[in-house]
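# Build me a model from this:
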Amino acid sequence: MPDTELLSLQPDHIGILQSRYEQVLEDQGYDALLISSGAAPMRYGDDQSWHFQGYGPFLHWTGLAGFECAWLLIRKGRKPILSLHQPVDFWHASLELAHEPWLEEFEVRFNETPSAPAADGAGRLAVIGDPSLLADVPGEHNPAELCAALDKTRAHKTPYEIACLAQANRLAMAGHHAARDAFLAGASEFDVNLAYQSATHQREADSPYHSIIGINEHAGTLHYQYYDTAAPKKSRSLLIDAGVRYRGYCSDITRTTAGVGEGRFAALIQGLEQLQFRLCSMVAPGVDYIDIHRKTHLGIAALLGVAGLVSDLSEEDMVAAGITRAFFPHGIGHFLGVQVHDVAGKPAPPPPDAPFLRLMRTLEPGMVVTIEPGLYFIPSLLEPLLSGPLGCHINRPLLDELQGCGGIRIEDNLVVTESGCRNLSREAES
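Numbers count the residues shown, from 1 in each chain. Got it, this is the predicted structure:
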């Protein structure tokens with residue numbers, strides 16, 4: 001059961017959303033909005049469905065991640081109608097709705113059928129959600145300009161949302177500590193995952209994303225998706241990127257641990273963590289997020305030089321020549337909210353020097369972002385570098401030694417405040 005302080009924030013959150021959405025509807029010329037929670041589609045050629053987690057705008061209002069075939073009707077100046085599907089069914093259980101103060105802000109209805117609530121007399125109606133579920137619903141389906149404007153309402157988090165994200169970080173950090181301890185005790189990737197789930201008390205299917213758990217060279221695959229059930233003969237490194245979903249809100253944290261006797265790799269982890277701290281300190285109102293990404297490349301260049309991996313080149317030359325891109329190929333982070341890669345972060349395409357960056361915005365108070373520098377030893381990216389004219393600057397024996405460790409990533413979740421930032425992940429770690 002959530003604490004009283006968090007519950008007291010939720011009615012204000014709903015009031016803020018009512019005001020934001022009413023303004024968007026007025027700007028876009030609509031009188032009402034119907035939001036579908038969605039439903040899990042059936043697997044092709046099978047009688048089993050995919051796991052369900054809910055549509056972002058519905059979660060934004062309710063946090064009810066597991067309610068399929070639910071609907072939310074928003075009208076100007078009136079209580080939203082929350083219609084929940086509760087069929088008479090002896091095959092499956094229906095989720096129970098906890099009696100919490102925020103429900104007083106809605107007109108709650110229960111429906112034995114999955115159909116949408118009637119919106120008679122609502123005026124010009126927009127309907128958003130999975131198109132496959134909207135076919136028989138009257139109204140304008142997923143109008144692009146309206147959807148884009150609604151996405152923007154999620155860029156600035158309310159105090160309630162920040163409280164949920166903070167709790168998601170606390171729960172996830174307990175899992176990260178358990179995962180680290182299991183790894184150092186000799187666990188396999190599969191067993192590390194079990195330790196994480198046990199500590200967070202959340203099934204992996206209900207978590208925000210499939211946990212990335214890579215031991216040794218697997219840590220060099222950015223979204224490594226398999227779990228070995230047997231531990232390697234020598235466990236040199238662990239990279240775990242895992243979060244928790246709490247009342248619809250996601251944490252997204254990454255930690256890297258060196259195995260026993262891996263002094264060089266441990267030193268690189270320490271160096272990257274110091275860089276990560278400096279990058280986190282840049283998070284503040286008025287900062288262009290792309291500048292943090294570009295500063296990361298200079299920091300990676302400095303770390304490569306200090307570690308002896310690259311020599312006889314300045315930090316600026318390493319970046320200009322693309323060397324740092326081979327060691328750090330992804331973006332520095334993204335928005336975070338009811339989706340792990342939350343919406344409204346890309347008002348324009350990413351620049352050529354940051355093709356995979358998911359956030360191109362000037363930071364403002366209330367935004368929540370991740371900061372996740374990495375340093376990897378990925379053969380497909382390093383081989384062209386080694387075989388080209390820049391190969392003479394690379395310390396091949398050291399690279400060969402470290403390649404079996406896969407790579408490093410360190411990721412925190414931060415709230416932009418009026419004067420700087422608040423690091424939710426480090427708060428949860430202390």
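# switch to C-alpha atoms for all contacts and neighbour counts from now on
OK.
# what about residue 268, helix or strand, and which?
helix 263-281 (DSSP states H and E).
# Could you look up the next helix or strand downstream of that helix?
helix 289-307.
# Give me the helices and strands touching that next one, please.
Under the contact definition 3 or more CA pairs under 8 Å, 6 or more residues apart in numbering; DSSP states H and E, helix 289-307 sits against helix 263-281, helix 315-320, helix 323-327.
# ranges for the strands of the stretch 301-430 of the chain?
368-371, 374-376, 407-409, 412-416, 421-423 (DSSP state E, counting those that start in this stretch).
# Which one of those lies nearest to residue 263?
strand 407-409 (14.1 Å; CA to CA).
# quick one: strands adjacent to the closest one?
strand 374-376 (antiparallel) (DSSP bridges).
# So residue 208: helix, strand or coil?
Under the three-state scheme (DSSP: H, G, I helix; E, B strand; the rest coil), residue 208 adopts coil.
# Can you get me a residue count around it?
21 (other CA atoms under 10 Å).
# mind listing what it touches?
The neighbours of residue 208, taking CA atoms under 8 Å, 6 or more residues apart in numbering as the test, are 243, 244, 245, 250, 251, 339, 340.
# quick check, nearest of these to residue 309?
Within those, the smallest distance to residue 309 is 31.9 Å, found for residue 243 (CA to CA).
# Verify the contact between the closest one and residue 166 for me.
No. Using CA atoms under 8 Å, residue 243 makes no contact with residue 166, being 11.7 Å away.
# of these two, who's got more company?
Set side by side, residue 243 and residue 166 show more neighbours around residue 243, with 30 against 24, by other CA under 10 Å.
# and that one, how far is that from residue 340?
Distance of residue 243 to residue 340, computed by CA to CA, to the nearest Å: 9 Å.
# same deal with residue 401?
34 Å.
# count of residues packed around residue 263?
Neighbours of residue 263 using other CA under 10 Å come to 11.
# And for the one 10 residues further on?
Other residues within reach of residue 273, judged by other CA under 10 Å, total 21.
# is it true that it touches residue 410?
Yes. The criterion here is CA under 8 Å, and residue 273 meets it with residue 410 at 6.7 Å.
# What segments of the stretch 1-150 of the chain are strands?
Under DSSP E, counting those that start in this stretch, the stretch 1-150 of the chain gives strands at 32-36, 71-75, 81-85, 107-111, 125-128, 140-141.
# now for the ones you listed, which one comes closest to residue 359?
Shortest distance between residue 359 and the strands of the stretch 1-150 of the chain, using CA to CA, is found for strand 125-128: 24.0 Å.
# and the gap between the residue most central in space within the chain and residue 11?
Centroid-nearest residue in the chain, with CA atoms, centre = their mean: residue 340, separated by 2.2 Å. Noted for residue 340: a distance of 24 Å to residue 11, by CA to CA.
# What is the burial count for the closest residue to residue 87 other than its chain neighbours?
Closest residue in space to residue 87, ignoring its immediate chain neighbours: residue 112 at 4.2 Å, by CA to CA, 6 or more residues apart in numbering. For residue 112, the count of nearby residues is 11 (other CA under 10 Å).
# can you tell me which residues contact residue 112?
Here residue 112 is in contact with 85, 86, 87, 88 (criterion: CA under 8 Å, 6+ apart).
# circling back: please work out which of the helices and strands packed on helix 289-307 is packed deepest.
Stretch with highest mean neighbour count among the helices and strands packed on helix 289-307: helix 323-327 (a mean of 22; mean count of other CA atoms under 10 Å).
# So which bits of stretch 116-130 are buried?
By neighbour count on 16 or more other CA atoms under 10 Å, the buried set for stretch 116-130 is 116, 117, 119, 125, 126, 127, 128, 129, 130.
# so residue 191 sits right up against residue 214, yeah?
No. The pair residue 191 / residue 214 is not scored as a contact, 11.8 Å apart, by CA under 8 Å.
# returning to what we had before: could the contacts of residue 112 be laid out in TSV, adding pLDDT?
Listed next are the contacts of residue 112 as TSV, based on pLDDT from 0 to 100:
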residue	pLDDT
85	92
86	89
87	87
88	84
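# Helices of the stretch 101-250 of the chain, start to end?
For the stretch 101-250 of the chain, the helices defined by DSSP state H, counting those that start in this stretch cover 144-152, 159-184, 189-200.
# The residue found closest to residue 345 once you drop the neighbours it is linked to in the chain: neighbour count?
Excluding the flanking residues, the one nearest residue 345 by CA to CA, 6+ apart is residue 359, at 4.5 Å. Using other CA under 10 Å, residue 359 is surrounded by 28 other residues.
# cool, residue 383 as well?
Counted by other CA under 10 Å, the residues lying close to residue 383 total 12.
# Which pLDDT value does the model give it?
Note on residue 383: pLDDT of 97.
# any idea how far residue 391 is from it?
As judged by CA to CA, residue 383 and residue 391 stand 9 Å apart.
# ok, now residue 183?
Distance from residue 183 to residue 391, by CA to CA: 35 Å.
# out of these two, which sits in the busier spot?
residue 183 (24 against 16).
# Grab the nearest non-local neighbour of the more buried one.
residue 192 (6.2 Å).
# just checking, that neighbour touches residue 175?
No. Applying CA under 8 Å as the test, residue 192 and residue 175 come out as separate, 9.6 Å apart.
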